[in-house]
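**Student:** Fold the following and give me the result.
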Amino acid sequence: MEQHYLKSSYREKLIEHLFIGELLKLSWSTGACSIEISKPEVDNQGYDLIAEENGILRHIQLKTAKLDAKALYQKVHIALANKPSGCVLWIFFDETTMQLG
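**Tutor:** Have a look, this model is predicted:
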């Protein structure tokens, strides 16, 4: 699908929002409703989101790929290693339905 590379920044934001929605839904379903999500104003430290719940903080770099992607690895921003809670989440999605999986 041409749209996946022609509108890649749109797709990136869509998947980010779907992921955040899943985190919020999980927090809701447990009754905690306590997760906090933040975004950096400037993207130069290697992370896209900061998530905190129950005193656990994570600096998250998001990577995405279609379910049938052939990629065996992703490039990771080196500055993420400076964060004690830095992590990379590789999210796979269905290119037709945009469902995360």
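**Student:** Report the contact partners of the spatially most central residue of the chain.
**Tutor:** In the chain, the C-alpha nearest the mean C-alpha coordinate belongs to Leu62, at 3.6 Å (C-alpha atoms, centre = their mean). Listed by C-beta atoms under 8 Å, 6 or more residues apart in numbering, the contact set of Leu62 reads Glu12, Ile15, Glu16, Phe19, Asp48, Leu49, Val88, Leu89, Ile91. Where C-beta positions appear, they are placed from N, C-alpha and C, glycine not excepted.
**Student:** tell me which residues of the longest strand along the chain are tucked away?
**Tutor:** In the chain, ranked by residue count with DSSP state E as the criterion, the top strand is strand 56-66. Of the residues in strand 56-66, His59, Ile60, Gln61, Leu62, Lys63, Thr64 count as buried by neighbour count, 16 or more other C-beta atoms under 10 Å.
**Student:** which residues does the fourth one bridge with?
**Tutor:** Same thing as Leu62. On the basis of DSSP bridges, Leu62 is bridged to Leu89.
**Student:** who touches the lengthiest helix in the chain?
**Tutor:** With secondary structure taken from DSSP state H, the chain has its longest helix at helix 8-29. By C-beta under 8 Å, 6+ apart, the residues outside helix 8-29 that reach it are 3-4, 33-35, 37, 48-49, 51, 53, 62, 64, 89, 91, 93, 98, 100.
**Student:** Drop anything exposed from the residues you listed.
**Tutor:** Among those, those that count as buried by neighbour count (16+ other C-beta under 10 Å) are Ile35, Asp48, Leu49, Ala51, Glu53, Leu62, Thr64, Phe93.
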